[in-house]
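In: when you get a sec, could you give me coordinates for this:
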Amino acid sequence: MCTCNEGNLKVSSVILYRPDIDGLRALAVLSVIIFHLEPSYLRGGFLGVDVFFVISGYLITSIIYKQINKDTFSFSSFYVKRAKRILPPMFFTLSLTTIFCYIVLLPYDFYKFGITLISVMFFASNVQYSLRTGDYFSGDSSEWPLLHTWSLAAEEQYYFVLPLLLLGILKYRKNLLVTMLILFSILSFLIAEYMSSQRHLASFSYYLIVSRMGEMLVGSVLAVCQANGHIKAFRSNILAYGSLALILLLMVVVNETTRFPGLVALALCLPVAIIINSQNTHINKLFALRPIVYVGLLSYSLYLVHWPVMALSRYLLNSGDGDFSFTLTTQAYIVVLIVILSLFSYYLIEKPLRQNSLQTKSVFAFYFAVPSLIFIVIGGFIITSKGAPERIDTQEVRAGLQYSHIDKSVCPSLVNLGCKLGDVGSSKRIVFYGNSHAEHYAEYLSLIGKNTGQEVSLYASGGCNLLQNTSKCNDVTNTFIKEKGDAESIVIAYRWDNSYKNTVLLAKLEALLSSLLSQHKRVVVLAQPPLLSSSPSKISNCLRLNVKCGAPPYLLSSYPEYNGVIERLVNNVGAEFFDPYAYVSDKSALGDGVRLYYSDADHLSVYGARWLYNEGEEKLIQIFQNE
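Out: Numbers count the residues shown, from 1 in each chain. Below is the predicted model:
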């Protein structure tokens, strides 16, 4: 998202305004908003962010390069202007979003919001999101209220790198400036292409500056070449028409399944650069039309505001576990709200605060340091309070146990590397390994451990499976392998319904079980409870907020097919398979009328784990008591 507003390029005392660049911003922001509102309207609308990246690289480099050549460049002056332009609308949006998230989000989701809030303060939300399992196009990520800040973080990181890069090259290899910028850009695109082709690196490729910098460098190369008068020949109506046609074509044919970023991003960035360079073509005159320019002037506020409105709307209205689309009526309401908030942001926050005459120290204090500190404190409170569950507690229900699959007051980490449960301190140990489907059995196994005199050590993290090769999943697996040595029993729990047909994963499971058995371990694999048609927590939450909810959830018929496949494999290897749900008396139970037994469509709540234990306690003691 282009956060600079230097459509005004300063040359001596003359200000050259490029309204067509504001018009190009309008194309970028509208394509992004259309895509986020309903992807089927414009499958490649997310490419608008890449259009912003090229514009941002071009404008910022134009300013810095000219100032360096005149020996007038100042880091403090540069960052003061950036702060005035970027920070006030961002803090305005963060304030509104935080207030609504406090009201709307369930504890675990609010906890994750707190983590993101702090990462935004350090311009590192792109790094934080790259480490999450859900990618940019997953259903889960569509409800993250600050997901769009990843592009702001990438741009800010570029603003720190670019001045140093230009100063360094101009000092030591001035005659190679354009060549080196081109080489860095090509290298970034190649890195992006490679990372996007690797499943375990694709998320990093989408978010990180190393794979995105090439897009901004395309704009930087254009700015330097223009300043040196090298590319006046690349200006014609034919080139401009062709470039716009290619941009629109890519926005139509590229979709969520396309390998991206990489060479496809390069194919988009080059025509954007051609249009910027063209200046006086029919296309540039089209983008310079006042209504289009006006949207471009609003583009930063529009971009900041649109995503939290959509994400929180989805969070409230989507109680299912699959694809979700807004109704036409809801889309209309969302668009109106986005426009109102954007106009407020632009006229009352962005424009007046950008134009004031505060000095450097005052800007640093009031635009950056003070509000950043406030939001860091707020984020810290959200994290340490585990999402402040008490804000939605009732006399009968603790929200931290009802709306979460694991008790965060006991195991607060997003990655559990040995959380202690059960009879803590006992010499007898159960090592519990898996992903979030191990975590939702944590309370269950903890009660077993307390009753049988065994300590339970949990090694698990959400989103991992036996084939996952991400840093957090590798941490879980490596720590489990290292720490399992003196355990009498190993218990394993994963989500089986989405993996029981994966022959590679099943082979991996078989090999793991055989290895553990060869070490003379007792190995127990837990079944997965039935799936639900929708999330009870989401429905409960929207009822709490007096929002119209979806249909009540029901158990899906796919249970116990997926468990049957896993059970046969486990028995063939010689391990034990156990299904806690087989011992409940009421097979249709989703709760007791007050407490929910599921936190979402596929995870038990902490209350649900206790319910399973109480229903089959006698059988459990018999199975899990070591002789």
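In: flag every buried residue along the stretch of helix or strand Tyr158 belongs to.
Out: Using DSSP states H and E, the element containing Tyr158 is helix 149-172. For helix 149-172, the neighbour count (16 or more other C-beta atoms under 10 Å) marks 149-159, 162-163, 165-166, 169 as buried. In short, each C-beta sits where N, CA and C put it, glycine included.
In: now stretch 56-75
Out: By 16+ other C-beta under 10 Å, the buried positions in stretch 56-75 come out as 56-67, 73.
In: cool, stretch 87-101 as well?
Out: Neighbour-count burial for stretch 87-101, counted by 16+ other C-beta under 10 Å, picks out 87-94, 96-98, 100-101.
In: low-scoring stretches of this structure, by residue?
Out: 1-15, 133-139, 233, 321-322, 618-627 (pLDDT under 70).
In: hmm, try it at 50
Out: Where the chain drops to pLDDT under 50, the residues are 6-15, 627.
In: by contact count, what packs against the host helix or strand of Ser31?
Out: Element membership of Ser31, judged by DSSP H and E, is helix 19-37. Packing partners of helix 19-37 (3 or more C-beta pairs under 8 Å, 6 or more residues apart in numbering; DSSP states H and E): helix 48-69, helix 263-278, helix 282-287, helix 290-297, helix 299-317, helix 328-344.
In: one more pass at 7 Å, please.
Out: Packing partners of helix 19-37 (3 or more C-beta pairs under 7 Å, 6 or more residues apart in numbering; DSSP states H and E): helix 48-69, helix 282-287, helix 290-297, helix 299-317.
In: how about the buried residues of stretch 87-101 in CSV, adding distance to Arg259 and secondary structure?
Out: Shown next, in CSV, are the buried residues of stretch 87-101 (distance: C-beta to C-beta, whole Å; DSSP: H, G, I helix; E, B strand; the rest coil):
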residue, distance to Arg259, secondary structure
Leu87, 35, helix
Pro88, 37, helix
Pro89, 33, helix
Met90, 31, helix
Phe91, 36, helix
Phe92, 36, helix
Thr93, 31, helix
Leu94, 33, helix
Leu96, 36, helix
Thr97, 32, helix
Thr98, 36, helix
Phe100, 35, helix
Cys101, 33, helix
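In: on that earlier part again, now render the helices and strands packed on helix 19-37 as a markdown table, adding distance to Phe326.
Out: Below are the helices and strands packed on helix 19-37 laid out as a markdown table (distance: least, C-beta to C-beta, whole Å):
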| stretch | distance to Phe326 |
| --- | --- |
| helix 48-69 | 19 |
| helix 282-287 | 29 |
| helix 290-297 | 22 |
| helix 299-317 | 7 |
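In: circling back to that earlier point, ok, and what's touching the helix holding Tyr158?
Out: Applying C-beta atoms under 7 Å, 6 or more residues apart in numbering, the external contacts of helix 149-172 come out as 1, 3, 49, 56, 60-61, 64-65, 68, 75, 78, 82, 90, 120, 123-126, 129, 176-177, 180, 207, 209, 212-213, 216, 220.
In: run the angle between it and helix 48-69 for me.
Out: Computed by axes from the mean of the first three to the mean of the last three C-alpha atoms, to 10 degrees, the angle separating helix 149-172 from helix 48-69 equals 30 degrees.
In: and helix 149-172 with helix 299-317, angle?
Out: 150 degrees.
In: just use 18 as the starting number from now, easier for me
Out: Got it, first residue is 18 now, which makes that one helix 166-189.
In: pull the CA atoms of helix 166-189 into CSV?
Out: Presented in CSV, the C-alpha positions along helix 166-189 are these (Å, rounded to 0.1, in the frame of the first residue of the first chain):
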residue,chain,number,x,y,z
THR,A,166,-0.8,-3.8,7.9
TRP,A,167,1.7,-6.3,6.5
SER,A,168,2.0,-4.1,3.4
LEU,A,169,2.6,-0.9,5.5
ALA,A,170,5.3,-2.8,7.4
ALA,A,171,7.0,-3.9,4.2
GLU,A,172,7.0,-0.3,2.9
GLU,A,173,8.3,1.1,6.2
GLN,A,174,11.1,-1.4,6.1
TYR,A,175,11.9,-0.3,2.6
TYR,A,176,12.0,3.3,3.7
PHE,A,177,14.7,2.3,6.2
VAL,A,178,16.7,0.3,3.6
LEU,A,179,16.4,2.6,0.6
PRO,A,180,18.3,5.8,1.8
LEU,A,181,21.2,3.6,3.0
LEU,A,182,21.2,1.7,-0.2
LEU,A,183,21.3,4.8,-2.4
LEU,A,184,23.9,6.6,-0.2
GLY,A,185,26.1,3.5,-0.2
ILE,A,186,26.0,2.9,-3.9
LEU,A,187,26.4,6.6,-4.8
LYS,A,188,29.4,6.8,-2.5
TYR,A,189,31.3,3.7,-3.7
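In: give me the helices and strands touching the strand or helix carrying Leu534, please.
Out: Assigned by DSSP H and E, Leu534 belongs to helix 520-535. Helices and strands touching helix 520-535, by 3+ C-beta pairs under 7 Å, 6+ apart, are strand 539-543, helix 578-590.
In: now do that helix and strand 539-543, the angle between them.
Out: Using the same axes, to 10 degrees, helix 520-535 lies at 150 degrees relative to strand 539-543.
In: how close does the residue lying closest to His217 once chain neighbours are set aside sit to Lys467?
Out: Leaving aside its chain neighbours, His217 sits nearest to Asn486 (4.1 Å; criterion: C-beta to C-beta, 6 or more residues apart in numbering). From Asn486 over to Lys467 the distance is 35 Å, taken as C-beta to C-beta, to the nearest Å.
In: show me which of these two is the more surrounded one.
Out: Lys467 (16 against 12; other C-beta atoms under 10 Å).
In: for Ile50, give me its contacts.
Out: Taking C-beta under 7 Å, 6+ apart as the test, what Ile50 contacts is Leu319, His323.
In: Leu607 contacts Ser616, doesn't it?
Out: No - with contacts counted by C-beta atoms under 7 Å, Leu607 stays clear of Ser616, the gap being 11.3 Å.
In: okay, those two: which has more neighbours?
Out: A direct count of neighbours by other C-beta under 10 Å for Leu607 and Ser616 places Ser616 higher, at 27 against 17.
In: nearest residue to that one other than its sequence neighbours?
Out: Ser622 is the one closest to Ser616 (C-beta to C-beta, 6+ apart), at 4.1 Å.
In: give me phi/psi at that neighbour?
Out: As for Ser622, its main-chain torsions (degrees, to the nearest 10) stand at phi -80, psi 170.
In: fine by me, thanks again.
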